[in-house]
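Visitor: got a predicted structure plus its sequence, pasted below:
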Amino acid sequence: MTKRFPLAAVAVALLLAWIVGYPLLMTLVEALGGSSGGVGWTLEHFRQFFARPDEWIALWRSLWISAASVGLAALVGVPLAFLFERTEFPGRRFLGAVAALPVALPPLVGVIAFLFLYGESGLVSRVVQSVLGLAQPPWRLAGPGAILLVHAYSMYVYFYLFTRAGLARLDAALLEAAASLGAGRARTLFRVTLPVLRPALVSAALLTFMTSLASFSAPYLFGGSFRVMTTQIVASKLNGEVAMAQVEAVMLAALAILGLWALRRTDRAAGATGVRGVAPARRELRSPLARLGTGALGWLLAAVLLLPHAMLLLISLVPPFTWTTEWIPPVLQLSNWAALFSQPEKLRPVLNSLWMAAASTAAALALGFLAARLSVVRKGFLSGSLEWLIALPWAIPGTVFAVALATTFGVSQPWLGRFVLIGTPAILPLAYLVRSLPLTGRGSIAGLRALDPALEEAAASLGADRWRRLWRVVVPMLRPALAAGAGLAFITALGDLIVSIVLYTYDTRPISMEILSSLRLQDLGMAAVYSVLLMTASAAAFLLWMRGEAR
Amino acid sequence: MSVPPFLVLDGLDKSFGGHAVLRGLSLEVGKGEVLALLGPSGSGKTTALRLVAGFEAPDRGTVRVGGDDVTGLPPERRRFGMVFQHYALFPHLDIAGNVAFGLDGRLSREETARRVAAALALVDLPGFERRRVGEISGGQQQRVALARALAPEPRVLLLDEPLSNLDPSLRERTRRELRRAIERVGITTVLVTHEQEEAFHLGDRVAVLHGGRLHQAGSPEDLYERPATRFVAGFVGRASGVVGTLEPDGTVLLAGKGGPVCWPGTAAPELEGAAPGTAVELVVRPESLAFQSPGTPGALTGRVTERRYAGTGTYYLVLLDSGEVEVLAGVSAARPGDEVAVAPADRGPAPRIFRWQNSGLSASVPVARSLR
């Protein structure tokens, strides 16, 4: 519509630049020694980084763990997508929805659940140990294998959802054209279906790669001495090697941007034409054996996928130190839950996380929507930089942002826009806000782009002023997208460990930190109680998101 | 039909979810003949084509080609080329990749390139091999789809609404090019369309489908001048009807102002053996009616309700007591509101007589139906 507000756009761009771009820039500057009170510009920190084999190894591990995660996630997710989208069997709809559940689990909660299930004293390990009569637990849930297991479990969903969406959009006429040209099923799959799905597969690969590059919970809890970049950064930071942490953050950010660039490049060639069409019909499984087999396999899959959720619920009902060697916990009661509500110190982290997540989500929603609207309405440099600033926190791992915010807001230089926020209750909500911007902003941009401008013009011709158009036309039309973005932002903040572990203060400790300290104190029941809370909130937000997507 | 049947559809039935879409469709197509399946949406014409292509299996009936029963054969083994409504070009392959898709993989690289070039030359797109699907116009995409379908030298060519996706301005030219390409190859062709003009231009014979049944198959002249059913008379070309009773001499007695009069016509097959006095509808083309001076014997009197200038002629709607008719006449033959006399002209096809089917509507049969 009308091209106004240049001032507002500039103001929003400056605000975003200050909280998103500036901290990253300051990190680079300080890593190069260029800050007041420092030794002056130097490459010394980078020289040290490259001189230490540990650092090289961590960088290499981050890279190969991410690549292997992509491969494993594709191996699980793509066949599942074909099974649920292209065939028809009893229970398909329900099982198809269950298969998307792991993505709704906050990373830390997933890791805890795996620990309870497959860890040395986990339920499954115990069962296997006593069935086989072993003196030792059958395996150790540690090292790269454990990390990859958790990654595959939570990230196959990207391939699964993207491939399903791609298959649903596939024009049936393409498959019929291939058949009429003499191509059999295998040839059609490899020469037509998969190439046409390529954009979806590349998107899933990109998302999996970036997520596992930024992954922190699994390497932190299972890695031990197997350090990847994220855990390496946090270790440096906690050891007080600030400059090294900054260099590592710069290197991880560089790796992320490199990965983003490389994967985007492979996508260049795929030129999908916007031909509309009808999705191919699902193939009804006719043979009773195939139906039975698929059904059994599906329910087994559902059981495996739901086991972590069930396990958390179970452990939350086990009082401390009552479950020792038995298969099944001997005592089940609500004492852990009672403790949560009767002891203020135990409820405190929940309230902390709730208000910080709510505040950061509200701010991210407002800022993301505003930036999106300003960037969609106008064209040119300003619009481009707004969109870029919104998307940046998606590409840069959270650990890097944590270090960047700690760097920028740990000193008081008001003339440089730097204030001491570290140690105050403001830093975590700010960090959550930055991390939430892509979730609320990108959804808003997509929604606003899809909005027919004629609707707003119609409202204007009916006499609605700018605010009325916004509240009565634009916001209601975008509500599903906004609700979905806000829901995801809220659960991400609620369960966040990545930035919290670097920036939290004891008074504003979030749920994730309390889970870690409960684990350290062997209070598994409380850790499970907190995990169940996060799990429930996430499931609710995920359902909201699915509803938004379905529209 | 002089040529022996090459493609035979025999008693095809198909229903989806209990809803019958095709009922006993039987058709024969001679070798090298072009058959157009014409019908409104929902008539079953696309289903018929998909049964022939093998994308759907009939509930009953067979499809035979050159004596072979192909009813149970999957589409990839039928060797039928198909051009899809939205072309279904593979977006991830270039033009050459698309055209070469159906060629035998064992062909040498040079031979494949030669065949692709020949197929592209056939549709007047030489040198388009390395272009991408998104870079060429809709008309060019249509021709690539044709080249792709023809390259493997199929036994039968199937076209699903081949021109519906094009701008009207492009359609006629593309239609001529399509006709020429098919003629050059001389391939047995079945095409589906809802446009009469397209069916008449492209088809050697036209089969009209309605409600899953074949109403008539014949040359365009047959359909226009001797429609077999009331539906064909109304769907093919412009026609209007007046209601009367059958006379012993085969004419139709029409009552009303200026009448009663007897207008001649040819009886549709369904009227064979009908007794005099049967209620019938005389369906007449606009060019088969003319204005007469008032009081002319054999003319009915009515009022002009609408005048429509269409360049090649001017159409007048005249409300008679026995129905509303459309008359083709000179530019200034009458004005709306005028009282005029209408009688059969000594030009145009003879009116056609059908059994009167009271559809519950008034006697004014839908007229002036637009085919667009």
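Guide: Happy to help now that I have it. Numbers count the residues shown, from 1 in each chain, chains lettered A, B, ... in the order given.
Visitor: grab the most central residue of the chain for me.
Guide: No chain was given, so I picked chain A. Nearest to the geometric centre of chain A sits residue A:211, at 6.1 Å (CA atoms, centre = their mean).
Visitor: how close does that residue sit to chain B?
Guide: 27 Å (CB to the nearest CB, to the nearest Å). Placement of C-beta: from N, CA and C, glycine included.
Visitor: okay but that residue is in contact with residue A:155, surely?
Guide: Yes - using CB atoms under 8 Å, residue A:211 makes contact with residue A:155 at a distance of 6.0 Å.
Visitor: walk me through the domains of chain A.
Guide: A:1-39+A:338-551, A:43-265+A:287-292 (automatic domain parsing).
Visitor: nearest to residue B:139, out of the ones you listed?
Guide: domain A:43-265+A:287-292 (18.5 Å; CB to CB).
Visitor: just for the chain, where's the confidence low?
Guide: Chain wasn't specified; assuming chain A. A:1-5, A:34-39, A:266-279, A:285, A:325, A:378-379, A:546-551 (pLDDT under 70).
Visitor: switch to chain B, please.
Guide: Ranges of chain B meeting pLDDT under 70: B:1-3, B:358-372.
Visitor: residue of chain B closest to chain A, please.
Guide: Minimum separation of chain B from chain A (CB to the nearest CB) falls at residue B:102, amounting to 3.1 Å.
Visitor: same question for stretch B:52-65: list its buried residues.
Guide: Going by neighbour count (16 or more other CB atoms under 10 Å in any protein chain shown), the buried part of stretch B:52-65 is B:52-56, B:58, B:61, B:63-65.
Visitor: turn those residues into CSV, columns for distance to chain A and secondary structure.
Guide: As requested, these are arranged in CSV below (distance: CB to the nearest CB, whole Å; DSSP: H, G, I helix; E, B strand; the rest coil):
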residue, distance to chain A, secondary structure
B:52, 11, helix
B:53, 6, helix
B:54, 8, coil
B:55, 5, coil
B:56, 10, coil
B:58, 17, coil
B:61, 20, strand
B:63, 14, strand
B:64, 18, strand
B:65, 14, strand
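Visitor: report the contact partners of the residue in the stretch 101-250 of chain A positioned nearest to chain B.
Guide: As assessed by CB to the nearest CB, chain B sits closest to residue A:181 within the stretch 101-250 of chain A, at 3.1 Å. Counting by CB atoms under 8 Å, 6 or more residues apart in numbering or on different chains, residue A:181 touches B:76, B:81, B:101-102, B:148-149, B:152.
Visitor: from those, which ones fall inside helices?
Guide: With helices defined by DSSP state H, the entries of the contacts of residue A:181 inside them are B:148-149.
Visitor: quick one, helices of chain B?
Guide: B:45-53, B:95-100, B:109-122, B:138-150, B:168-185, B:196-202, B:220-225, B:230-235.
Visitor: who are the contact partners of residue A:503?
Guide: Contacts for residue A:503 were tallied using CB under 8 Å, 6+ apart; they are A:402, A:405-406, A:422, A:427-428, A:431.
Visitor: pick the one among the residues you listed closest to residue B:193.
Guide: Scanning those for proximity to residue B:193, where the rule is CB to CB, the winner is residue A:431, at 63.0 Å.
Visitor: in which helix or strand would I find that closest one?
Guide: helix A:427-450 (DSSP states H and E).
Visitor: what are the buried residues along that helix?
Guide: A:427-445, A:447-448.
Visitor: what does chain B put close to chain A?
Guide: Selection of chain B residues close to chain A by CB under 8 Å from any CB of the partner chain yields B:53-55, B:74-82, B:84-93, B:101-102, B:132-134, B:148-149, B:152, B:158.
Visitor: are any of those residues buried, and which?
Guide: Counted by 16+ other CB under 10 Å, the residues of chain B next to chain A give B:53-55, B:75-76, B:78-82, B:84-93, B:101-102, B:132-133, B:148-149, B:152, B:158 as buried.
Visitor: just put the helices of chain B in JSON lines and tack on distance to residue A:99.
Guide: Output for the helices of chain B, formatted as JSON lines (distance: least, CB to CB, whole Å):
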{"stretch": "helix B:45-53", "distance to residue A:99": "33"}
{"stretch": "helix B:95-100", "distance to residue A:99": "34"}
{"stretch": "helix B:109-122", "distance to residue A:99": "42"}
{"stretch": "helix B:138-150", "distance to residue A:99": "37"}
{"stretch": "helix B:168-185", "distance to residue A:99": "46"}
{"stretch": "helix B:196-202", "distance to residue A:99": "47"}
{"stretch": "helix B:220-225", "distance to residue A:99": "55"}
{"stretch": "helix B:230-235", "distance to residue A:99": "50"}
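Visitor: so residue A:134 belongs to a strand, correct?
Guide: No - counting by DSSP: H, G, I helix; E, B strand; the rest coil, residue A:134 falls outside a strand, being coil.
Visitor: which residue sits closest to it, ignoring its sequence neighbours?
Guide: In this structure, residue A:134 finds its nearest non-sequential neighbour in residue A:128, 7.7 Å apart by CB to CB, 6 or more residues apart in numbering or on different chains.
Visitor: that's all I had, so thanks and see you.
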